Every structure is written in C-alpha cells, then in structure tokens.
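In: A predicted structure for the sequence below; I have some questions about it.
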Amino acid sequence: MFSYFNIKPFKEDHLSSIRFLTFGIFLQNKFYRWARKCIIFSSFSLITIHIYFLIITFDAGFFYKYLPTLLATIGTTIINLCYFLAEDQIKLFDKEVLSLLWSVDCTTKATEQDILKMFKYVTYVAKLNCFLAVITGFVMIPIGKEREYDFALFLFQNYFTSFHYIFDLGYVLSFPVLSYLLVTVANFFAYYTCHAKSQMHLLSDVVSHMTDEFIDYEDATLFYNEEYQEIVRQREIFIVKRHIQLRRILKLANDFTTKLLPFVCLALVAMALSALSSAYLVEADSVYWKYFQQLMMVTTSTVTGVLLVQCGQQTENEAESILSTFLNIRWITFNDQNKKIAMTALTVAQNTPKIKFTDSVALNYELGIRVVKNIYSFAAIFANVQNFNS
C-alpha cells in the first residue's frame, strides 16, 4: 500500500521523445532555431513579393494560378511564428506543469502499467504523425506541371536566374520541414494532456484506496473511531489540494490554447483553402499522383485530428472517473466534519476540467464530429460546383 504523504515526485519523463520532437529541440538547439528563423524570414519575403506582384499585375489569371501557394505559405508561416510568439509562455508552462507531476510508480503496480501503456500508445501515434507529416511534405514538392503553379519557383527562375538552382533546392527542402511544423502543435497538446490524464488516473487510484486499512471494520464501529476519522480527514484534505493542483495544470493548458487559438485558426483556414484551391486549380502530370497527394494530406490530417480529440476526450473521462470513485467511498462512515470535507471534494470533482479553445468549444469527440460534418458539407458543396461547371 502506498503512502498518502510520501508521493514520489516526477523524475523520468516517459514521453521524452514527444517532448524533444515537439518543443525540446526548439528550446535547446540554437541551429534549429536559427533555421526556423530563416524560414520565417524567407516566407515573409515571398508573401510580400507575391502581394506586390498581385498589385502591379492586377490580373485574375495570375491571382488564381498562384493562390494555393500564397495561402499555404501564409498558413505555415503563422504556425512557425507561433512558437516564437509563445516562447516565454512555453518555458513557464513547461516548468510549472512538470513541478506538479507525480511519478507514475507512486501508487499501485496495476495503475503504473495502465499509464505506461497509454504513454506507449500516445508516443507511437505522435511519432507516426511526425513521420506522415514529413512524408507528406516530400510528396507535396511540386514536380512537372505543378512547378508552373508555384510562385516561388516562378520568382527564382525569372528574377534570380544565376542562383535559381540554389534557391530552388532550399525551397523544396523546406516542404517536409514546414509540414512537420504543422503537426508539432497537435503533439504539444498531446504531450500535456497525456500527462494530465496520467495524474488524474493516479489521483483516482489514491481516492479508491482511502480506507483500505479499515476494510475489515464494520461501518458502525468506524463512525466512532477517532483514529479512523483523523486519517480520513487528512486524506480528504490531501485529495482536495491535489485536485486543485490538477485543475491548475489544465488551466495553464487552456490559457496557452486561448492565446494561440487566433493564430492557429487563421493558419488552419489558410491551409484548408490552399488544399481546396489546389485540388481545383493546380494541374499535375498524373491524376493518380494528385490523388496520392490528397490521400497523404487527408491521412496526416486524420491522424493529427484523432490524436488531439482522443487526448482531450480521455482527459475528460479520467476527470469524471475521479468523481465516480469519490461517490463509491465509504462516506457513510464519516463523521459530520469529514462529510463536509467530502462534499467540498465532490464539488471540486463535479466541475469536470476540459481542454477548451473557448468557453463553449472543448477538445473532445463532440468537436471531432462537428469538424467532420463541416468538412463533409464543404466537400459536398465543392463537388456540386464542379459538377455544375462541367
């Protein structure tokens, strides 16, 4: 049996690989930060020059021809810029959250095994997400006819003729990097929601073993047992304090999410419009290659969405399990003082913490279903428009 007041602090990060791939390398590697700053500068330059060309040419054909690359550049630049805008908050968030975590082996062996299985699953999906993103980036590199619809390649070949091979190489190599950056935000949330869920699981285990030493005692005798009532009082207070700490973790996550929400939404809208416009405006040498590109984009987006929604929903479920565990403890054996503390604990537990984008939009299965419905509606509209035009 574990001790309520000798909980092991967090030491080994079983999600260290996700941490490194998501933001660890960003905070620690100066070369990587320099490379990302160069990409931001290059992207801003391309966007500025592109807008300048749109103004001086004022040609609808030019606008539609290079529209997909303009939107894609805007979306990836915003995502890349988010890390620099929120760098201080990432450091603070990282420091505070890790200081509140318990070690996964501080309760029972069964709970430890459950948490480690969850860590392995999330690590596998996050790595798969990164791998698919990089592959998708390579697949999206323009070849053949697609090169005619890329503004950067047009600019390099017509205005930087002496160095366009070097510029072309640097530009196409940025595709897998930028594609990878798009999924790091999802992996970032998966990292912290997974840790939050593990801590809730540990707390639920602590609650379920609150009165284990007195399991053989009858309820009537425990009500007048002063030693039992004092132990229960101390453990209830400990549990309430811990639950408040967990809510602090989720509040930090919600504050971070709210701060980045406008930028992430703008980037996602730009990327979605880029994908849709590319599907209808960009010609490829092979229709099968174009279908393969779309398949890779859909697959990567699906894995990213499933990872986000599943982590958010499971965090909610784990929070609700704490309430369920509270309701099943032997509260009938508590004296009046301990019942009041138990009511406080129930009140805290009833306010199920959620990872929220806004007050009305939480990261869960309901949001996932809503997004899928909207995507299906947009796809149906575009399909009808295409059939009408043909």
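Out: Right, received. Where do you want to start?
In: how close does R33 sit to N80?
Out: 11 Å (Cβ to Cβ, to the nearest Å). Using the backbone N, CA and C atoms, a C-beta is placed for each residue, glycine as well.
In: ok, K290 next?
Out: Taking Cβ to Cβ, one finds K290 at 26 Å from N80.
In: between those two, which has more neighbouring residues?
Out: N80 (20 against 17; other Cβ atoms under 10 Å).
In: elements contacting the one helix or strand L81 maps to?
Out: According to DSSP states H and E, L81 maps onto helix 67-85. Secondary-structure packing of helix 67-85 (3 or more Cβ pairs under 8 Å, 6 or more residues apart in numbering; DSSP states H and E): helix 30-57, helix 151-159, helix 164-208, helix 226-281.
In: out of those, which is closest to K95?
Out: K95 lies closest, by Cβ to Cβ, to one member of these: helix 226-281, at 10.3 Å.
In: the closest one: how far from the chain's middle?
Out: Here helix 226-281 is found 10 Å from its chain centre; the criterion is Cα atoms, centre = their mean, to the nearest Å.
In: report the contact partners of I332.
Out: I332 makes contacts with D219, as judged by Cβ atoms under 8 Å, 6 or more residues apart in numbering.
In: next: L222.
Out: Listed by Cβ under 8 Å, 6+ apart, the contact partners of L222 are T211, F214, Y228, R330, T333.
In: switch the cut-off to 6 Å
Out: For L222, the contact set (Cβ atoms under 6 Å, 6 or more residues apart in numbering) comprises F214, Y228, T333.
In: not counting stretch 340-351 itself, show me its contacts.
Out: Under Cβ under 6 Å, 6+ apart, the answer for stretch 340-351 is E236, I239, V240, H243, I322, L323, F326, W331.
In: next one: stretch 90-98
Out: Around stretch 90-98, the neighbours that count as contacts under Cβ under 6 Å, 6+ apart are F23, I249, L252, F256.
In: go on, stretch 274-290?
Out: Identification of contacts with stretch 274-290 by Cβ under 6 Å, 6+ apart yields Y64, L67, P68, L71, A72, G144, K145, E146, Y149.
In: returning to what we had before: mind checking which of the helices and strands packed on helix 67-85 is nearest A126?
Out: Between the helices and strands packed on helix 67-85, helix 164-208 lies closest to A126; by Cβ to Cβ that is 4.7 Å.
In: excluding sequence neighbours, find me the nearest residue to T108.
Out: Counting by Cβ to Cβ, 6 or more residues apart in numbering, D205 is the residue found nearest to T108 once chain neighbours are left out, at 5.9 Å.
In: again, but for L327
Out: L327 sits nearest to L346 (Cβ to Cβ, 6+ apart), 7.6 Å away.
In: can you tell me the SS state at that neighbour?
Out: helix (DSSP: H, G, I helix; E, B strand; the rest coil).
In: relative to D168, how far out is it?
Out: Taking Cβ to Cβ, one finds L346 at 64 Å from D168.
In: compare the two (neighbour count), which wins?
Out: Neighbours were counted for L346 and for D168 using other Cβ under 10 Å; D168 has more, 17 against 14.
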